[in-house]
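A.B. asks: Take a look and give me a structure for this.
(one chain, ligands or ions: 1)
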Amino acid sequence: MEPRLPVDAARPGAYVIPAMAKLSIITAPDPRLKLKAKPVAKVDDRVRRLMQDMLETMYAAPGIGLAAPQVGEALRVIVVDCAREGEPPQPFKLANPELLWQSDELMTVNEGCLSLPEHYADVARPAEIKVRYLDAENEIRELHATGLLATCIQHEMDHLEGVLFVDHISSLKRGIILRKLAKAKRQKTPVPA
Ligand SMILES: [Zn+2]
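C.D. replies: Numbering: from 1, shown residues only. Sure, this is the predicted structure:
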């Protein structure tokens, strides 16, 4: 059986990181999660700062991936760390990630998302991918990702296109999840007097 693991919610092996969440995470439904993000011209100090803040926000959530549109920045920037419990952190900061290759073989993972808290669904995606991106030093790099890392990067790259994991499941299931999230949001928002 394929592994069933949450993607960017409920980090299974969160270690203690002495950092506070710096950015607030947007939850669905929200039009900002449906926008196509813009490429960064260059990974400069501002983008580096965003990457670091996103990473700290992700660890604090806790999650294993975060995309800039989830924190209200319509930029093509994602961060991921799929290290397991007991392993040292393996953070990746990617700007302008581009898919170079994907395997025909698929892998199904029970995905979650920090923007759809407490909801999970099985999503099948290519099991292996190759991506090209700019790292935190503005250097061009390539990464061959497999397993959970491959799933996580694809999930985060979807956010850059305004696509959520629920867009990969049936419209019936998607509707149920989005209605529950909308209701939860209404209950949190005070009714104007
Ligand atoms: Zn997500």
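
A.B. asks: Next, the residues that contact the helix or strand Lys183 falls within from outside, please.
C.D. replies: In this structure, Lys183 sits in helix 171-188 according to DSSP states H and E. Under the contact criterion Cβ atoms under 8 Å, 6 or more residues apart in numbering, helix 171-188 has outside partners 27-29, 116-117, 119, 121, 166-167. In short, each C-beta sits where N, CA and C put it, glycine included.

A.B. asks: If we only consider those residues, which is nearest to the ion?
C.D. replies: Leu116 (7.1 Å; Cβ to the ion).

A.B. asks: Report the separation between that closest one and Thr108.
C.D. replies: 18 Å (Cβ to Cβ, to the nearest Å).

A.B. asks: circling back: the helix holding Lys183 near the ion anywhere?
C.D. replies: No. Helix 171-188 lies out of reach of the ion by Cβ under 5 Å from the ion, never closer than 12.8 Å.

A.B. asks: three-state assignment of Leu50?
C.D. replies: helix (DSSP: H, G, I helix; E, B strand; the rest coil).

A.B. asks: how many other residues sit next to it?
C.D. replies: Residues contacting Leu50 under the criterion other Cβ atoms under 10 Å number 21.

A.B. asks: residues contacting it?
C.D. replies: Applying Cβ under 8 Å, 6+ apart, the residues contacting Leu50 are 68, 73, 75, 77.

A.B. asks: Out of those, which two sit at the greatest distance?
C.D. replies: Farthest pair in these (Cβ to Cβ) is Glu73 and Val77. Separation: 7.1 Å.

A.B. asks: follow-up on the earlier one: check the contacts of helix 171-188 for burial and list the buried ones.
C.D. replies: For the contacts of helix 171-188, a burial check counting by 16 or more other Cβ atoms under 10 Å picks out 27-28, 116, 119, 121, 166.

A.B. asks: Looking at those residues, which two lie furthest apart in space?
C.D. replies: Most distant of the buried ones among the contacts of helix 171-188, by Cβ to Cβ, are Thr27 and Ala121, 16.1 Å apart.

A.B. asks: on that earlier part again, tabulate the buried ones among the contacts of helix 171-188 in a markdown table, adding columns for distance to the ion, secondary structure and pLDDT.
C.D. replies: Listed next are the buried ones among the contacts of helix 171-188 as a markdown table, based on distance: Cβ to the ion, whole Å; DSSP: H, G, I helix; E, B strand; the rest coil; pLDDT from 0 to 100:
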| residue | distance to the ion | secondary structure | pLDDT |
| --- | --- | --- | --- |
| Thr27 | 10 | coil | 95 |
| Ala28 | 9 | coil | 95 |
| Leu116 | 7 | coil | 97 |
| His119 | 11 | coil | 96 |
| Ala121 | 12 | strand | 96 |
| Val166 | 10 | helix | 97 |
